[in-house]
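Novice: Predicted model and sequence below, questions to follow.
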Amino acid sequence: MHAAVRSGIGLGKRFGLPLLVPSGRHLSYVLGIETSCDDTGLAIVDTDGRVHANVLESQQEFHTRYGGIIPPRAQDLHRARIESAYERCLAEAQLQPDQLTAIAVTTRPGLPLSLLVGLRFARHLARLLKKPLLPVHHMEAHALQARMEHPATINFPFLCLLVSGGHCQLVMVRGPGRLSLLGQTLDDAPGEAFDKIARRLRLHVLPEYRQWNGGRAIEDAAQLASQPLAYEFPLPLAQQRNCHFSFAGIKNNSFRAIRARERSERTPPDGVISNYGDFCAGLLRATSRHLMHRTQRALEYCLLPNVQLFGDAPPTLVVSGGVANNDAIYANMAHLAAQYNCRIIRPSKRYCSDNGVMIAWHGVEQLLQDGESCLRFDYNDIDVQGSAGFADSLVEDVNAAHIKCKWVQPLN
């Protein structure tokens with residue numbers, strides 16, 4: 001590594017902001033700890049955005065057997081794995097514990113039992129090493145992750161579509177702790193809906209999908225479609241001129257369509273309908289269309305002459321979260337962005353789903369924005385929150401704008 005990075009000079013050159021820890025040393029390495037759900041992720045990122053270690057312990061295989069996440073078991077698995085993940089992280093980075101400058105840890109939102117494991121381990125390390133903590137908002141970390149990989153392209157502010165197993169939100173991002181909500185799901189998240197639909201479709205009985213999550217299985221199965229337009233789904237919230245989402249209707253219509261096909265084909269209890277590829281293609285198209293429409297209205301709002309949330313900067317859309325891994329959905333979002341001369345970016349696929357890198361990078365972003373004032377030594381005053389919103393909401397402003405759009409249609 002260059003001496004400039006070791007000394008912290010690289011940080012100043014890249015972002016024009018020298019940062020010091022209380023002892024006066026330049027910042028170098030931030031440890032990130034992620035345990036918000038069912039992945040134990042630890043990573044070390046330096047203040048110039050280089051990833052020195054990335055360790056991820058997934059619980060997916062265990063929870064898939066039971067049809068969903070069991071919070072007490074998720075907590076047990078985090079406890080069993082977090083210390084060894086930390087040791088592997090240090091070994092991969094070839095660093096000693098005292099070389100860490102700060103510890104970033106997810107504290108909100110997420111499963112409280114899982115979050116507690118990460119926070120308690122972070123407190124333990126902080127006391128042992130006499131290092132500060134940086135509490136991290138999990139969804140903010142998803143929103144900021146792409147900036148680590150594209151520092152010259154993604155400047156504040158930018159619009160972000162957060163799509164995952166537990167969330168679906170549109171936010172305007174101005175910096176860590178400075179996100180404004182434009183819309184969010186009123187019921188299911190897309191990843192959650194995919195998991196439930198794939199389970200009802202019984203894709204898991206097919207050997208190739210046995211260990212995959214629902215979204216990945218549906219995306220792969222859709223490529224087998226011979227009649228991708230065979231299934232049509234009603235458009236959710238068609239009469240509501242806001243940026244909210246709803247996936248419960250798509251889910252329930254999916255269940256009805258599967259049940260009707262099973263009856264007509266007399267599908268056995270452990271079987272899958274014959275045209276499951278066509279069904280998955282229709283489901284992906286319906287989901288993409290809904291995401292596109294709500295994001296289109298958000299773009300229209302941000303670009304209003306009396307609003308201009310992008311300011312003088314070119315409009316930028318970031319798509320992040322586990323569902324951003326879906327190439328069909330991302331291709332449709334890119335198609336939408338192109339109609340508005342809007343740049344679109346997603347993190348690398350290994351960083352779309354939950355991971356420790358995004359938590360460490362959020363810690364770096366806090367330091368870039370707030371300097372030493374964000375470093376926390378009051379360890380016992382930091383606690384977890386199962387649910388957590390953002391600093392600001394523009395939902396009512398979007399509603400008041402009552403924007404009517406000429407819809408961009410999804411790709412065929």
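Specialist: Ah, there it is.

Novice: For Leu303, give me its contacts.
Specialist: Leu309, Phe310, Pro315, Tyr340 (Cβ atoms under 8 Å, 6 or more residues apart in numbering). Every residue, glycine included, has its C-beta placed from N, CA and C.

Novice: The longest helix seen in the chain - contacts with which helices or strands?
Specialist: In the chain, taking DSSP state H as the definition, the longest helix is helix 276-302. Judged by 3 or more Cβ pairs under 8 Å, 6 or more residues apart in numbering; DSSP states H and E, the packing partners of helix 276-302 are strand 158-163, strand 168-173, strand 179-184, helix 190-201, helix 214-222, helix 248-265, helix 327-339, helix 395-401.

Novice: that older thread, among the contacts of Leu303, which one lies nearest to Phe279?
Specialist: Comparing those against Phe279 with Cβ to Cβ places Tyr340 closest, at 31.4 Å.

Novice: Got phi/psi on that closest one?
Specialist: phi -110, psi 10 (degrees, to the nearest 10).

Novice: re the thing from before, what's the most buried one of the helices and strands packed on helix 276-302?
Specialist: Sort those by mean neighbour count, taking mean count of other Cβ atoms under 10 Å, and strand 158-163 sits at the top with a mean of 28.

Novice: So what are the sheet partners of it and their directions?
Specialist: strand 168-173 (antiparallel), strand 316-320 (parallel) (DSSP bridges).

Novice: Tabulate these (TSV), appending mean pLDDT and distance to Val136.
Specialist: Below are the strands paired with strand 158-163 laid out as TSV (pLDDT from 0 to 100; distance: least, Cβ to Cβ, whole Å):
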stretch	mean pLDDT	distance to Val136
strand 168-173	98	15
strand 316-320	98	15
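
Novice: who are the neighbours in contact with Glu262?
Specialist: So Glu262 contacts Ile273 (Cβ under 8 Å, 6+ apart).

Novice: Am I right that Leu56 is in a strand?
Specialist: Yes. Assessed with DSSP: H, G, I helix; E, B strand; the rest coil, Leu56 lies in a strand.

Novice: Got the confidence number for it?
Specialist: Looking at Leu56, its pLDDT reads 95.

Novice: which one is it nearest to, not counting chain neighbours?
Specialist: Gly41 (4.8 Å; Cβ to Cβ, 6 or more residues apart in numbering).

Novice: Just the buried residues of the helix or strand that contains that neighbour, please?
Specialist: Assigned by DSSP states H and E, Gly41 belongs to strand 39-46. Neighbour counts using 16 or more other Cβ atoms under 10 Å place Asp39, Thr40, Gly41, Leu42, Ala43, Ile44, Val45, Asp46 of strand 39-46 among the buried residues.

Novice: Tyr351 is in contact with the third one, correct?
Specialist: No. Shown here, Gly41 and Tyr351 do not form a contact pair, counting by Cβ atoms under 8 Å, at 10.3 Å.

Novice: Spell out which residues are contacts of both of the two.
Specialist: Val357.

Novice: one step back: distance to Ala91 added to the strands paired with strand 158-163, as CSV?
Specialist: Shown next, in CSV, are the strands paired with strand 158-163 (distance: least, Cβ to Cβ, whole Å):
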stretch, distance to Ala91
strand 168-173, 34
strand 316-320, 29
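
Novice: Looking at these, spot the one closest to Gly371.
Specialist: Nearest of the strands paired with strand 158-163 to Gly371, taken as Cβ to Cβ: strand 168-173 at 19.6 Å.

Novice: hmm, who's touching that closest one?
Specialist: 139, 143-144, 156-162, 179-185, 189-190, 243, 245, 247, 291, 294-295, 298, 302, 309, 318, 390, 394.

Novice: Stretch 86-99 now?
Specialist: 28-29, 31, 42-44, 52-55, 121, 125, 128-129, 356.

Novice: The same query, at a cut-off of 6 Å, please.
Specialist: Tyr29, Leu42, Ile44, His52, Ala53, Val55, Leu129 (Cβ atoms under 6 Å, 6 or more residues apart in numbering).

Novice: ok so, going back, could you check the angle the longest helix of the chain makes with helix 214-222?
Specialist: 120 degrees (axes from the mean of the first three to the mean of the last three Cα atoms, to 10 degrees).

Novice: what does the average pLDDT come to for helix 276-302?
Specialist: 98.

Novice: Run the chain-centre distance for it.
Specialist: 17 Å (Cα atoms, centre = their mean, to the nearest Å).

Novice: Between helix 327-339 and that helix, find me the angle.
Specialist: 30 degrees.

Novice: quick one: the closest residue in space to Gly249 that isn't next to it in sequence and His244, what's the gap?
Specialist: In space, and not counting its chain neighbours, Gly249 is closest to Pro236: 4.8 Å by Cβ to Cβ, 6+ apart. When distance is defined by Cβ to Cβ, to the nearest Å, Pro236 is 9 Å away from His244.

Novice: so which of the contacts of stretch 86-99 is the most crowded?
Specialist: Each of these was scored for neighbours by other Cβ atoms under 10 Å, and Leu42 scores highest at 33 neighbours.

Novice: just checking, Asp46 touches Leu31?
Specialist: No. Counting by Cβ atoms under 6 Å, Leu31 is not a contact partner of Asp46; they are 10.9 Å apart.

Novice: on that earlier part again, which one in the buried residues of strand 39-46 is the model shakiest on?
Specialist: Among these, Asp39 has the lowest pLDDT, at 90.

Novice: what's around Arg174, how many residues?
Specialist: For Arg174, using other Cβ under 10 Å, the count is 16.

Novice: Phe158 is in contact with that one, correct?
Specialist: No. Using Cβ under 6 Å, Arg174 makes no contact with Phe158, being 8.8 Å away.

Novice: where does the stretch 51-200 of the chain dip in pLDDT?
Specialist: For the stretch 51-200 of the chain, the stretches with pLDDT under 70 are 61-67.

Novice: tell me which residues in the longest helix of the chain are buried?
Specialist: Buried-residue list, helix 276-302, by 16+ other Cβ under 10 Å: 276-302.

Novice: Check stretch 311-321 too.
Specialist: Those would be Pro315, Thr316, Leu317, Val318, Val319, Ser320, Gly321, for stretch 311-321 by 16+ other Cβ under 10 Å.
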